[in-house]
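In: compute the structure for the input listed below.
(one chain, ligands or ions: 1)
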Amino acid sequence: MAKAVSAPASQPDAATRPPARFATRGHDAAASRVAQLLTGVPPHALLIVGPRGAGAGTLARDVVATLLCMSPQSGGACGECRACRLVAAESHADLARISPSGAADEIGITPIRELEASLALLPVEGGRRVALIERADRMSEPAQNALLKTLEEPPAQTHIILAAAEDSSLLPTIRSRCAVIRLGLPDSAAASELIATRLGLDAATATRLLRMSGGRPGPLIDAGASGDAARAHAALRRQILDFVGVAPHARLRQLPALIADASAILSVAMADGEEGGVEEGGEPEGADAAPESAATSTKKSPAKRAGGKPTPAERRANAKALLHLWRGVARDLALVASSAPASVAFPEDLHELTPVAARCAQTTWRDALISLDRALAALRRNGNPELLLDAIALRWPRG
Ligand SMILES: [Zn+2]
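Out: Numbers count the residues shown, from 1 in each chain. From the prediction side, this is the model:
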């Protein structure tokens, strides 16, 4: 059984050159490590762990394509053989794809039992049987126990590839039976380029969107993010900066418009309505970096209802997006005020941040940041979104 291995730290030499035919971008060292694992005798079970939306799913699909390709090369699947065409058309008979579904957004025991049965059959195409379990951290415990049986006695010529955002929710016995590859965030230049190409955006817009999503291309690609989201984000930040020169009661009048505008950045900044928003250093819950990602269909995106009043969930989601964005502004102002402008999340906004930061004492911005953290914590504890935002608007420094 394969032992756990980790991708080596990125060293830009010939040995870590990424496989040319992989779709994975920005994970050169890990991708080349995976390519090495696939030559010779590939592991029966491979677990790829990385932050949601950062590319673990894409790398897992590269592995699947390479395993099923009839003439794989060192750079990955050939892309031209019958197997590659079937994989691309999502109709390869020897590939089973499992992803979370249903209201619980979970992988239950039934698909895992079906998988066990199908892996026991001989390959239809004569090569290997491959199972891809996407967002495997959403497997229920009974499902994991069922999978364990297959991992303990894998039929010959079968491979199980798991992609997960975190492995702490997987049974230790599952982890120990997999070769493990760990990913961090993708290289930002490569990820920006990927976004610019996939979404047809200029480099500056792609870079801003990537910063908005906490460095994860997945939510952006899933949402088909456009320049509108980047412009709405910049405008919202500008308005919050302008608030420093606005009397507190006058801010309250502008707040509803700000909350409404925050919905424009939702799909990008908070790809999943509930758990944590994607913002500077936040805890994002995007889907994975592929348009066909199964996560797209199950995503609890708080979509706007046509015409009607926003639902309580939408109000909370909008308020959360705005509070996260506001926190990002406060953080950047605190950094500029403490002479650390190089660390701001949006360096392209420095010309707007610098004069505003100078209008108040450094401690003022730090206190504002603390207030915003408290408001976000209160929102998580079901605090009233509008009241929390009112309090933040009233307390925001005036210079
Ligand atoms: Zn091929």
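In: could you say which helix or strand holds the residue sitting nearest the centre point of the chain?
Out: By C-alpha atoms, centre = their mean, the chain has its centre lying nearest to Gly53, at 2.3 Å. Taking DSSP states H and E as the definition, Gly53 sits outside all helices and strands.
In: could you tell me how far it is located from the ion?
Out: Distance, Gly53 to the ion, using C-beta to the ion, to the nearest Å: 27 Å. Every residue, glycine included, has its C-beta placed from N, CA and C.
In: that residue reaches Arg216, doesn't it?
Out: Yes: using C-beta atoms under 8 Å, Gly53 is in contact with Arg216, at 3.6 Å.
In: after the worst-scoring helix or strand of the chain on mean pLDDT comes which helix or strand?
Out: One helix or strand of the chain scores below all others by mean pLDDT, DSSP states H and E: helix 295-298, with a mean of 34. Once helix 295-298 ends, the next helix or strand along the chain (criterion: DSSP H and E) is helix 312-337.
In: tell me which strands and helices that next one is in contact with?
Out: helix 227-242, helix 248-262, helix 266-269, helix 350-357, helix 362-380, helix 385-395 (3 or more C-beta pairs under 8 Å, 6 or more residues apart in numbering; DSSP states H and E).
In: apply 10 Å and report the result again.
Out: In this structure, helix 312-337 makes packing contacts with helix 203-212, helix 227-242, helix 248-262, helix 266-269, helix 350-357, helix 362-380, helix 385-395, judged by 3 or more C-beta pairs under 10 Å, 6 or more residues apart in numbering; DSSP states H and E.
In: out of these, nearest to the ion?
Out: helix 203-212 (30.5 Å; C-beta to the ion).
In: only alpha carbons, please: show the following helix or strand past the closest one as CSV.
Out: The helix or strand immediately downstream of helix 203-212 is helix 217-223, counting by DSSP H and E. Output in CSV follows, covering the C-alpha atoms of helix 217-223 (Å, rounded to 0.1, in the frame of the first residue of the first chain):
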residue,chain,number,x,y,z
PRO,A,217,-9.4,30.9,-9.0
GLY,A,218,-12.2,28.3,-8.5
PRO,A,219,-15.0,30.6,-7.3
LEU,A,220,-14.2,33.1,-10.0
ILE,A,221,-14.3,30.6,-12.8
ASP,A,222,-17.5,28.9,-11.5
ALA,A,223,-19.2,32.2,-11.2
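In: mind telling me what element the residue of the stretch 151-300 of the chain found nearest the ion is part of?
Out: Scanning the stretch 151-300 of the chain for proximity to the ion using C-beta to the ion identifies His159 as nearest, at 15.8 Å. Secondary structure assigned from DSSP H and E places His159 in strand 158-164.
In: that strand packs against which elements?
Out: Of the remaining helices and strands, those touching strand 158-164 by 3+ C-beta pairs under 10 Å, 6+ apart are strand 45-49, helix 56-68, strand 95-98, helix 109-119, strand 129-133, helix 141-152, helix 172-175, strand 179-182.
In: tell me the bridge partners for the residue of the stretch 151-300 of the chain closest to the ion.
Out: Beta-bridge partners for His159, by DSSP bridges, are Val130.
In: that one against Thr150, yeah?
Out: No: judged on C-beta atoms under 10 Å, His159 makes no contact with Thr150 at a distance of 11.1 Å.
In: now the angle from the strand holding His159 to strand 45-49?
Out: 10 degrees (axes from the mean of the first three to the mean of the last three C-alpha atoms, to 10 degrees).
In: let me see the mean pLDDT of strand 158-164.
Out: Averaging pLDDT along strand 158-164 yields 97.
In: same check on stretch 92-103?
Out: 95.
In: please shift the residue numbers so they start at 91 in all later answers.
Out: Noted, 91 is the first residue going forward, which turns the last one into stretch 182-193.
In: report the buried residues of that stretch.
Out: By neighbour count with 16 or more other C-beta atoms under 10 Å, stretch 182-193 contains the buried residues His182, Asp184, Leu185, Ala186, Arg187, Ile188, Ser189, Pro190.
In: is it in proximity to the ion?
Out: No: Stretch 182-193 does not reach the ion (C-beta under 5 Å from the ion); its nearest approach is 10.8 Å.
In: can I get that stretch in CSV, CA atoms only?
Out: C-alpha atoms of stretch 182-193 as CSV (Å, rounded to 0.1, in the frame of the first residue of the first chain):
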residue,chain,number,x,y,z
HIS,A,182,-15.8,6.9,-20.2
ALA,A,183,-17.3,3.6,-19.0
ASP,A,184,-14.5,2.9,-16.6
LEU,A,185,-14.6,6.3,-14.8
ALA,A,186,-16.9,6.7,-11.8
ARG,A,187,-17.4,10.3,-10.6
ILE,A,188,-18.8,10.9,-7.2
SER,A,189,-19.5,14.3,-5.6
PRO,A,190,-21.7,15.6,-2.8
SER,A,191,-25.4,16.1,-3.5
GLY,A,192,-28.7,16.7,-1.9
ALA,A,193,-29.8,19.2,0.7
